[in-house]
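Undergrad: only geometry, no sequence info:
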């Protein structure tokens, strides 16, 4: 069954982002504004991590308390205190300058249960398969437009035992079996660029992002895929007010340059394994779960220490903007200098693992941290010692997790980590 479109509007009322539908309004998230963060082609490194401590009942530390407030229109699950923490150990590095495997760039990574690592490299137009020790085994498919071929290997996901590849260059999603043989494909729109354009992993299915007409404009949607093809759709929440203001500059040469606000509020929104949406504002640790009819059915909240912005970080974040102003002093920009916030937004990224647990990347004074929640919104464990996702979807299989990134020489690499068990 295909869910009919549901039109949502976000406004800011009393410092809270309020989501409206045709029947009623309700609070979707605390904070004030949404902003899509652009994805660059300088993608950091890939890491794999053993996370056995996150599987099964949590051995919650005595300092963690879970409370559920049902006094509002929907329950709010709050995790209070300190969660059980797992540290990590580095195991394997794949790629890097001068190594046996070199990547032009990495746009997506996918882990298999047998330890294999699939890496989509759009620069070299290849999907490479490595074993658990980081040795190159073979390539999946090849460049081209025929069956089993691709022009732009963009994003990977599991569909049951099959491997799905988003290929905007050929306007399709291709499906391979576990042996790497081409089985079928589905036509998709030829869109790319934003961090929202990817395959969202909710095993045994996945979702893609698309556009459809909405009056005189277009609206974003999530499209769920099963082995039978596209099925359900969910409307992507389109904020109407309260957006963080970037800069649009008109140059004397008639060109236009865009700048996003450094450390500005970002919209985080993903589909869930239960065919719902999980929207959040990066400026507040509050994640709502919204069904296909537009009703919030649950929210999770947590307090975390804010991470201040150092002078060096602010200068680096504004480097392109400052250089542009020097290079184009007569350019006409729609706003002045960027206002410096006091703290970094606490939420950085949301994704699901292979058993339906929600991972929340946090920006803390100590560096990135990942909180892992069960399907009811209860905090299970916090994981430290991992890199930031940098807006690229990690992949989880069994007791491993993969991140994409770059090494100290600015070359794409794969790093493999192991979570240290509680009593080790």
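TA: That came through fine. Just so it is clear, the structure is predicted and the values come from calculations on it, not from any experiment. Residues are numbered from 1 along each chain as shown.
Undergrad: Give the residue farthest from the middle of this protein.
TA: Here the chain reaches farthest from its C-alpha mean at residue 330, the gap being 37.2 Å by CA atoms, centre = their mean.
Undergrad: does that one belong to a helix or a strand, and which?
TA: If you go by DSSP states H and E, residue 330 is not part of any helix or strand.
Undergrad: How about it, nearest residue that isn't a chain neighbour?
TA: Distances taken as CB to CB, 6 or more residues apart in numbering place residue 252 nearest to residue 330, at 5.7 Å, with adjacent residues excluded. (Glycine included, C-beta is placed from N, CA and C.)
Undergrad: contacting residues around the one you found?
TA: Under the criterion of CB atoms under 8 Å, 6 or more residues apart in numbering, the neighbours of residue 252 are 328, 330-331.
Undergrad: Which member of those residues is positioned nearest residue 279?
TA: residue 331 (34.6 Å; CB to CB).
Undergrad: Next up, the contacts around that closest one.
TA: 249-252, 257, 324-325.
Undergrad: Which positions within stretch 358-374 qualify as buried?
TA: For stretch 358-374, the neighbour count (16 or more other CB atoms under 10 Å) marks 358-363, 368-374 as buried.
Undergrad: In strands, which of those residues appear?
TA: When DSSP state E is applied, these are split such that 358-363, 368-373 fall in strands.
Undergrad: can you put these in a markdown table and add pLDDT?
TA: Shown next, in a markdown table, are those (pLDDT from 0 to 100):
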| residue | pLDDT |
| --- | --- |
| 358 | 97 |
| 359 | 96 |
| 360 | 98 |
| 361 | 97 |
| 362 | 97 |
| 363 | 96 |
| 368 | 95 |
| 369 | 96 |
| 370 | 96 |
| 371 | 97 |
| 372 | 94 |
| 373 | 96 |
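Undergrad: Of those residues, which is the nearest to residue 199?
TA: residue 359 (16.4 Å).
Undergrad: Residue 100 and residue 136 touch, don't they?
TA: Yes - if you go by CB atoms under 8 Å, residue 100 and residue 136 touch, sitting 7.0 Å apart.
Undergrad: Could you check how far residue 133 is from residue 94?
TA: Distance of residue 133 to residue 94, computed by CB to CB, to the nearest Å: 9 Å.
Undergrad: And these two? Which one has more around it.
TA: Neighbours were counted for residue 133 and for residue 94 using other CB atoms under 10 Å; residue 94 has more, 24 against 11.
Undergrad: give me every residue that touches the more buried one.
TA: By CB under 8 Å, 6+ apart, the contact list for residue 94 reads 46, 101, 117, 119, 130, 134, 413-416.
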